[in-house]
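Peer 1: pasting the structure only:
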């Protein structure tokens, strides 16, 4: 992977990680449409590790929220009253919502790696994201705020996040849709989606760092990785800011249409290439 390719992939990751259009799908489809011949092992590790750049963007953007949540959780444990405040409950709900995706990632790791090598399958799953976003918009009431979050709602949203371990199913799209199905506003669902991304992205990134360190190409590939990491983080920060503002007044239908069109184009390219 060249620095130019890392630049493009870093921009793609930063733009699409938080938009409900599946960053993993774009990291598979973009090189395929551009006819790049990337080493599959390097590409998979890059695709997961570059998410750490967007993870840093989430942490910076929600720094005050995250500090308050972590402090509240430990204070609750100290006082033996873990659920008396909104922040304390939210911390435990984030942990609960992370469990399904964590288990799915551990159990299906090899299958997920195989899926990253199939642009056609990725495109088909991207079309599933389009359907999910459309149904969420049509069927949801969009009435509840984040202060009304329950343990059952967080678990259901976590199950939606588990769907997104495969490339093509947007993590943010799935979790936001899960929130909408449970009656939350778009903005509330998006905020919980971003907070929920922190543990799972951190775990996935750390596991990939271990894979990278063990690889023979570690030192040669490290500068390219760092470059993509920085680009993804910068672009990701502004993507979060834009999306939260956008969802206050706009629906998910535009993202659903985009996912559907990109899916169809990719399938046709695969059929005729």
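Peer 2: Cool, the structure landed. The model shown is predicted, which means the values in this text are computed figures rather than measured ones.

Peer 1: and the helix or strand encompassing residue 106, what does it pack onto?
Peer 2: According to DSSP states H and E, residue 106 maps onto helix 86-107. Contacts defined by 3 or more CB pairs under 8 Å, 6 or more residues apart in numbering; DSSP states H and E place helix 86-107 against helix 63-79, helix 151-163, helix 186-214. Every residue, glycine included, has its C-beta placed from N, CA and C.

Peer 1: for it, buried residues please.
Peer 2: Residues of helix 86-107 classed as buried: 87-94, 96-102, 104-105 (neighbour count, 16 or more other CB atoms under 10 Å).

Peer 1: tell me, how many residues neighbour residue 22?
Peer 2: Neighbours of residue 22 under the rule other CB atoms under 10 Å: 32.

Peer 1: what of residue 172?
Peer 2: For residue 172, the neighbour count with other CB under 10 Å is 28.

Peer 1: what score does it have for pLDDT?
Peer 2: In this prediction, residue 172 carries a pLDDT score of 88.

Peer 1: wait, residue 68 sits on residue 87?
Peer 2: Yes - with contact defined as CB atoms under 8 Å, residue 68 reaches residue 87; the gap is 5.2 Å.

Peer 1: about what we covered before: give me the mean pLDDT for the helix holding residue 106.
Peer 2: Helix 86-107 carries an average pLDDT of 87.

Peer 1: also stretch 261-273?
Peer 2: Across stretch 261-273, pLDDT averages out at 88.

Peer 1: contact partners of that stretch?
Peer 2: The contact list for stretch 261-273 (CB atoms under 8 Å, 6 or more residues apart in numbering) reads 21, 25, 29, 32-33, 119-120, 122-124, 126-127, 130, 168.

Peer 1: buried set for that stretch?
Peer 2: 262, 263, 266, 267, 269, 270.

Peer 1: what's the closest non-adjacent residue to the residue nearest to the spatial centre of the chain?
Peer 2: Among the residues of the chain, the one closest to the centroid is residue 171, at 3.9 Å (CA atoms, centre = their mean). Of all residues not flanking residue 171 in the chain, residue 164 sits nearest, at 3.8 Å (CB to CB, 6 or more residues apart in numbering).

Peer 1: from residue 51, how far out is that neighbour?
Peer 2: Using CB to CB, to the nearest Å, we find residue 164 at a distance of 12 Å from residue 51.

Peer 1: what's the answer for residue 127, then?
Peer 2: Residue 127 is 23 Å from residue 51, by CB to CB.

Peer 1: same question for residue 250.
Peer 2: 26 Å.

Peer 1: for stretch 53-60, give me every contacting residue.
Peer 2: Contacts for stretch 53-60 (CB under 8 Å, 6+ apart): 10, 13-14, 17-18, 23, 66, 194-195, 197-198, 201-202, 205, 228-234, 236-237, 239-240.

Peer 1: if you set the cut-off to 6 Å instead, what comes out?
Peer 2: 17, 194, 197, 198, 201, 229, 232, 233, 236, 237 (CB atoms under 6 Å, 6 or more residues apart in numbering).

Peer 1: now do the second one against residue 270, distance only.
Peer 2: This points to residue 194. 32 Å.

Peer 1: residue ranges with poor pLDDT in the stretch 51-200 of the chain?
Peer 2: 109-116 (pLDDT under 70).

Peer 1: kindly recompute the last result at 50.
Peer 2: Regions of the stretch 51-200 of the chain meeting the criterion pLDDT under 50 are absent.

Peer 1: now the one helix or strand residue 174 maps to, how far from the chain's geometric center?
Peer 2: Element membership for residue 174, per DSSP H and E: helix 171-181. The chain centroid and the centroid of helix 171-181 are separated by 11 Å, computed with CA atoms, centre = their mean, to the nearest Å.
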